[in-house]
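1. Make a model of this:
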Amino acid sequence: MKVFGCWRIGFLGALIGALAACDVERPDTVLSDSVMENVLYDYHIAKALGEQIDRGEKYKRVLYVDYVYKKHGITEAQFDSSMVWFARHPDVLNEIYKKVTDRLRAEESNVERLVALREHKPLTSRAGDSVDVWVWQRIYQLTGMPMDNRITFTLPADSNFKAHDTLLWSVYFTFDGTMYDSLHAPVMALQMRFSNDSVIGDFARVREKGIYTLALAGDTLGDIKEVNGFIYYPRQQDAKPLMMNKISLMRYHTGSVDSLVSVGDSLLIEEALEDTVQAVESVRPEVTVKTPKKEEPRRPTPSEMRSSQRTQEPKPHQPATRIKQHAKLRKVNE
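-> I've put the predicted structure just below:
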């Protein structure tokens with residue numbers, strides 16, 4: 001029995017070792033972990049580039065992926081069979097994708113840094129309660145031609161933006177002549193987008209020379225996601241360049257301006273005032289005011305009653321009919 005038990009234990013150990021060996025055994029046609037990591041890294045970049053192509057050029061998406069296969073010297077069939085093996089070993093595939101994700105994130109940060117250097121734009125805005133976050137040119141000129149008729153900008157929010165910030169965009173416009181008509185007037189627009197995809201905006205038509213300002217307040221709509229704006233200059237009948245300078249985009253940390261909170265505060269203030277009045281009333285000294293006693297009415301004497309009746313007799317100029325009516329009424333009342 002002991003021999004049989006030892007043999008059984010040995011068999012189970014050999015079986016487990018064989019299964020473990022099968023888990024780590026990899027066919028020669030399957031790509032190694034390092035090669036698969038490089039292939040997946042370039043594969044996902046090619047897929048992302050293909051998604052940005054217009055519908056009329058969809059064939060380029062396949063070309064991007066084929067370039068990845070040629071770059072690494074593999075075929076599509078070899079890539080697909082390798083993915084099947086890695087799908088059966090999710091722990092190995094998971095480790096590869098962790099490395100790929102880290103590389104993609106680092107590459108994204110590098111691209112953002114290069115774009116910021118090209119556009120002379122910092123990755124993070126300056127901190128402060130009142131900061132000019134405009135990072136582009138301060139002077140522009142538009143002619144109204146198709147390729148020179150607008151200015152657009154997009155400013156992503158960073159950690160220095162607060163939920164209740166107020167943004168103030170100011171531009172000084174100058175041009176030849178006195179003013180534009182409503183059809184050819186330049187348009188200035190500002191938009192604020194929030195993390196919940198809600199949007200607020202404002203615009204103005206530039207009719208005369210001077211400074212134009214647009215203001216947007218976040219209030220209680222949530223965290224600010226990005227700020228967009230543009231200036232559109234319609235094509236003019238006569239060439240008239242439009243100059244813009246003194247451009248600024250001020251960000252103010254104004255705090256919460258929720259109307260419900262304001263109402264609650266006002267109610268609290270009223271309650272505090274009532275408590276103050278009651279406290280003042282409680283400490284005010286009591287003052288007793290003596291009112292004079294009313295004298296009881298004195299009964300008139302018979303002579304005084306006769307004299308009062310004489311004064312109530314009708315005067316000569318009063319009509320007799322009215323006296324009779326009063327007499328009848330007196331009788332009825334009695």
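2. Skipping its backbone neighbours, what lies nearest residue 50 in space?
-> Leaving out its chain neighbours, the residue that sits closest to residue 50 by C-beta to C-beta, 6 or more residues apart in numbering is residue 61, at 3.4 Å. No exception for glycine: its C-beta is placed from N, CA and C like everyone else's.
3. what helix or strand is the one you found on?
-> helix 59-72 (DSSP states H and E).
4. Please enumerate the strands of the stretch 151-300 of the chain.
-> Using DSSP state E, counting those that start in this stretch, the strands of the stretch 151-300 of the chain run over residues 165-175, 187-194, 199-205, 210-217, 224-232, 242-253.
5. now these as JSON lines including mean neighbour count, distance to residue 149 and mean pLDDT?
-> Rendered in JSON lines, the data for the strands of the stretch 151-300 of the chain read as follows (neighbours: other C-beta atoms under 10 Å; distance: least, C-beta to C-beta, whole Å; pLDDT from 0 to 100):
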{"stretch": "strand 165-175", "mean neighbour count": "20", "distance to residue 149": "14", "mean pLDDT": "93"}
{"stretch": "strand 187-194", "mean neighbour count": "19", "distance to residue 149": "11", "mean pLDDT": "93"}
{"stretch": "strand 199-205", "mean neighbour count": "13", "distance to residue 149": "15", "mean pLDDT": "92"}
{"stretch": "strand 210-217", "mean neighbour count": "15", "distance to residue 149": "18", "mean pLDDT": "93"}
{"stretch": "strand 224-232", "mean neighbour count": "19", "distance to residue 149": "7", "mean pLDDT": "92"}
{"stretch": "strand 242-253", "mean neighbour count": "18", "distance to residue 149": "9", "mean pLDDT": "92"}
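6. Between those strands, which one is closest to residue 81.
-> When these are compared for distance to residue 81 using C-beta to C-beta, the nearest one is strand 224-232, at 42.8 Å.
7. Can you dump the C-alpha atoms of that closest one in CSV for me?
-> This file holds the C-alpha atoms of strand 224-232, laid out as CSV (Å, rounded to 0.1, in the frame of the first residue of the first chain):
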residue,chain,number,x,y,z
ILE,A,224,-14.1,72.8,-17.0
LYS,A,225,-12.9,70.5,-19.7
GLU,A,226,-11.7,73.0,-22.4
VAL,A,227,-12.3,76.5,-23.7
ASN,A,228,-12.8,77.2,-27.4
GLY,A,229,-13.0,80.5,-29.3
PHE,A,230,-12.9,81.9,-32.8
ILE,A,231,-13.0,85.2,-34.8
TYR,A,232,-14.6,84.9,-38.2
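8. Residues in contact with it: which ones?
-> By C-beta atoms under 8 Å, 6 or more residues apart in numbering, the residues outside strand 224-232 that reach it are 140, 142, 149-157, 161-163, 165, 167, 169, 171, 186-195, 214, 218, 244, 249.
9. Could you list the low-confidence segments of the protein?
-> Applying pLDDT under 70 to the predicted model, the residue ranges of the chain that meet it are 1-24, 109-125, 255-334.
10. Assess the claim that the residue nearest to residue 50 and residue 53 are in contact.
-> Yes - using C-beta atoms under 8 Å, residue 61 is in contact with residue 53, at 6.2 Å.
11. Next SSE downstream of the helix holding residue 61?
-> Using DSSP H and E, the next helix or strand after helix 59-72 towards the C-terminus is helix 76-88.
12. looking just at contacts, which helices and strands does that next one meet?
-> In terms of contacts (3 or more C-beta pairs under 8 Å, 6 or more residues apart in numbering; DSSP states H and E), helix 76-88 is packed against helix 33-51, helix 59-72, helix 90-118.
13. what's the angle from it to helix 33-51?
-> 110 degrees (axes from the mean of the first three to the mean of the last three C-alpha atoms, to 10 degrees).
14. Count the neighbours of residue 91 for me.
-> Residue 91: 8 surrounding residues under other C-beta atoms under 10 Å.
15. Oh, that last question was meant for residue 223, not what I typed.
-> By the criterion of other C-beta under 10 Å, residue 223 has 14 neighbours.
16. Contact partners for the closest residue to it other than its chain neighbours?
-> On the basis of C-beta to C-beta, 6+ apart, the spatially nearest residue to residue 223 that is not a chain neighbour turns out to be residue 195, at 4.4 Å. Counting by C-beta under 8 Å, 6+ apart, residue 195 makes contact with 222, 223, 224, 225.
17. Pick out whichever of those sits closest to residue 87.
-> Minimum separation from residue 87 among those (C-beta to C-beta) is found for residue 225, which lies at 36.2 Å.
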